[in-house]
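Student: the amino acid sequence is not available; the structure is as follows:
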């Protein structure tokens, strides 16, 4: 039933490399946290890369990332949820410089042109006359890609309705007193001292619904943390409420909190990372279907009664329907990706990659000024 779900464990992190998703295909459509890749106040330079599919945007970012990685800088690779082998952004952390894909669907434009941001146009390497000859084919492919994404989001939206019913059945069993005790224990164990001021926050995805299934980088993201709390439980067991409470407490005590959002319901939280105390709280849930280990909390132990047989049957029905709808959505996102590859082929044929190489050389020289 869940054969489209994948767990990405091949990208184990080091202190100098992180993998995330800045946006996602969710039950609300495409959802973006691109503004959190590098805030304007902190940035020395943000390059917004424009150009059609197949113009080398991702390849440019990979080359820039590799260049600065070899110099010993920490690199964040921000993957595309519609093609996880491609990048939508990179961040060179110590230099506070970033490159972001500024094309649809994320549409990143300069906020403070010149002072912080500038546009890098990979379209300069395109033969426009060659593309003009394929106008009908390109327009048709773009329309079909759009239709597949719209259908995918309808199925994910339908799955959200089922998810809500599944969640409500579980939620009614929770013991609020037990949950309150859990919250206090976690807060006291994690935050031994207060800092000055209110802590900053960052919002991204560790997990995404992709053409290849559900892919998560949470294992690599959490591998360097000394203390790892793991919440186990399906929908409705209060995982997001727990994470939001601890995150809020941490910020009030002055700690920086990195929130990783639920790839299915983006308002929800999947994990939080608190680097200043080398602590994270991650979840094994119905979306990532992971098996993280650490200081484990099984939220079934925080209920006040067991569900009746009838309600357990309802949950089984809901879960099967939910995964069927999600997998249908994934298959449509996969179809869109196949069509996108066809679209890219037209642009690749129209590319002068010697011009792209010149662009890379100029970008390297520009960014090395910030060392």
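Tutor: Yep, that arrived. These numbers come from a predicted model, not from an experiment.
Student: how about the strands of the stretch 201-350 of the chain, start to end?
Tutor: Under the criterion DSSP state E, counting those that start in this stretch, strands of the stretch 201-350 of the chain are mapped to 201-204, 207-210, 213-216, 227-232, 257-261, 269-274, 279-284, 295-298.
Student: most tightly packed of those?
Tutor: Mean neighbour count (mean count of other CB atoms under 10 Å) peaks for strand 207-210 among those, with a mean of 27. To be clear about C-beta, it is placed using only N, CA and C from the backbone, and glycine gets the same treatment.
Student: which helices and strands does that one pack with?
Tutor: strand 23-26, strand 83-92, strand 213-216, helix 309-349 (3 or more CB pairs under 8 Å, 6 or more residues apart in numbering; DSSP states H and E).
Student: where does the prediction get shaky in the stretch 201-350 of the chain?
Tutor: Within the stretch 201-350 of the chain, not a single segment meets pLDDT under 70.
Student: switch to 90 and redo it
Tutor: The model of the stretch 201-350 of the chain has pLDDT under 90 over residues 306-308.
Student: which stretch among the helices and strands packed on strand 207-210 comes nearest residue 193?
Tutor: strand 83-92 (29.4 Å; CB to CB).
Student: just for the stretch 51-200 of the chain, where's the confidence low?
Tutor: Across the stretch 51-200 of the chain, the ranges flagged by pLDDT under 90 are 51-52, 102-111, 123.
Student: for it, which segments count as helices?
Tutor: Ranges of helices within the stretch 51-200 of the chain are 57-70, 128-132, 135-171, 176-190, based on DSSP state H, counting those that start in this stretch.
Student: tell me which of the ones you listed sits most buried.
Tutor: Of those, helix 57-70 is the most buried (mean count of other CB under 10 Å), at a mean of 19.
Student: relative to strand 83-92, how tilted is that one?
Tutor: Helix 57-70 and strand 83-92 are oriented at 50 degrees to each other (axes from the mean of the first three to the mean of the last three CA atoms, to 10 degrees).
Student: need the nearest residue in space to residue 244, chain neighbours excluded.
Tutor: Using CB to CB, 6 or more residues apart in numbering and skipping residues adjacent in sequence, the residue nearest residue 244 is residue 269, 5.9 Å away.
Student: quick check: beta-bridge partners of that neighbour?
Tutor: residue 261 (DSSP bridges).
Student: surely it and residue 259 touch.
Tutor: Yes - in this structure, residue 269 is within contact of residue 259 by CB atoms under 8 Å, at 5.4 Å.
Student: any residues in contact with both of the two?
Tutor: Between them, residue 269 and residue 259 share these contacting residues under CB atoms under 8 Å, 6 or more residues apart in numbering: 243, 247.
Student: re the thing from before, got the helices and strands packed on strand 207-210 as TSV, with distance to residue 206 columns?
Tutor: Below are those laid out as TSV (distance: least, CB to CB, whole Å):
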stretch	distance to residue 206
strand 23-26	10
strand 83-92	12
strand 213-216	6
helix 309-349	18
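Student: closest one to residue 163 among the ones you listed?
Tutor: Comparing the helices and strands packed on strand 207-210 by CB to CB, helix 309-349 comes nearest, at 5.7 Å.
Student: any buried residues in the helix or strand following the closest one, and which?
Tutor: For helix 309-349, the following helix or strand on the C-terminal side (DSSP states H and E) is helix 353-368. Burial within helix 353-368, assessed by neighbour count using 16 or more other CB atoms under 10 Å, is assigned to 356, 359-360, 363, 367.
Student: excluding chain neighbours, what is closest to residue 295?
Tutor: residue 229 (4.9 Å).
Student: could you report the neighbour count for residue 306?
Tutor: Look at residue 306: counted by other CB atoms under 10 Å, it has 10 neighbours.
Student: who touches it in this structure?
Tutor: By CB under 8 Å, 6+ apart, the neighbours of residue 306 are residue 173.
Student: quick one: it from residue 318, how far?
Tutor: Here the criterion is CB to CB, to the nearest Å. By it, residue 306 lies 17 Å from residue 318.
Student: same check, this time on residue 31
Tutor: For residue 31, the distance to residue 318 equals 23 Å [CB to CB].
Student: what sits closest to residue 254 if chain neighbours are left out?
Tutor: Nearest residue to residue 254, sequence neighbours excluded (CB to CB, 6+ apart): residue 195, at 2.8 Å.
Student: just give the number of residues close to the one you found.
Tutor: Residue 195 has 14 nearby residues by other CB under 10 Å.
Student: quick one: contacts for it?
Tutor: If a contact means CB under 8 Å, 6+ apart, then residue 195 has 253-255, 276 as its contacts.
Student: residue 314 too?
Tutor: The contact partners of residue 314, taken as CB under 8 Å, 6+ apart, are 165, 169.
Student: begin at 51 from now on, thanks
Tutor: That works, and once the first residue is 51, the last one we named lands at residue 364.
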